[in-house]
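Chemist: What would the 3D arrangement of this be:
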Amino acid sequence: MYRKILVPIDDIESAGLALSNATDLSKAIGASVVLLHVVTPDHPLVIGDESVAGVHAAAAIVEQARHDESIHLAEQQSKLQSVVDGLVADGISASAEVVLGHAHEEIVRVVKHSGIDLVILSTHGRRGVSRALLGSVADQVVHDVDVPVMLVDRS
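Modeler: As a prediction, the model looks like this:
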């Protein structure tokens, strides 16, 4: 059956139903739960002149973006660790990973390299033009992993 369940989390507050499903299933079958949060990199597009001042300004912007990303990564890791601590206290084997990247690619990477048997993923519930224009991480994941994916509407 399932030994390792991945729960990608966009934000803790909206992942309640996915976490609840993972918790219930984990308790029933003894699977471990892996929580994953992906921080999208902040790469500012800097178009400037060739002057030294322009180069220093661009470097300062990139450095600030890296600093902000590292703070965000640490904050998210702390939030996920609180959830993991609660799961462990409830008798569930759990871990958390926060990475910098693009959600779809990182979810697929973790599934392929971490022995994941099931993905439980919250969806935004976008429909029509909004979904066509913005795409769907859930749709991409469903097509690119070789394990079952449970989609949970977060609304």
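Chemist: For Val39, give me its contacts.
Modeler: Applying C-beta atoms under 8 Å, 6 or more residues apart in numbering, we find Val39 in contact with 69, 72-73, 76, 98-101. Just so you know, the C-beta spots here come from the backbone N, C-alpha and C atoms, and that holds for glycine as well.
Chemist: who wins for most neighbours among those?
Modeler: Counting neighbours by other C-beta atoms under 10 Å, the top entry in the contacts of Val39 is Val98, with 21 neighbours.
Chemist: Cross the contacts of Val39 against helices and list the overlap.
Modeler: Counted as lying in helices by DSSP state H, out of the contacts of Val39, are 69, 72-73, 76.
Chemist: Next, find the distance separating the residue nearest the centre of the chain from His72.
Modeler: Closest to where the C-alpha atoms of the chain average out (C-alpha atoms, centre = their mean) is His37, at 2.9 Å. Counting by C-beta to C-beta, to the nearest Å, the separation of His37 from His72 is 10 Å.
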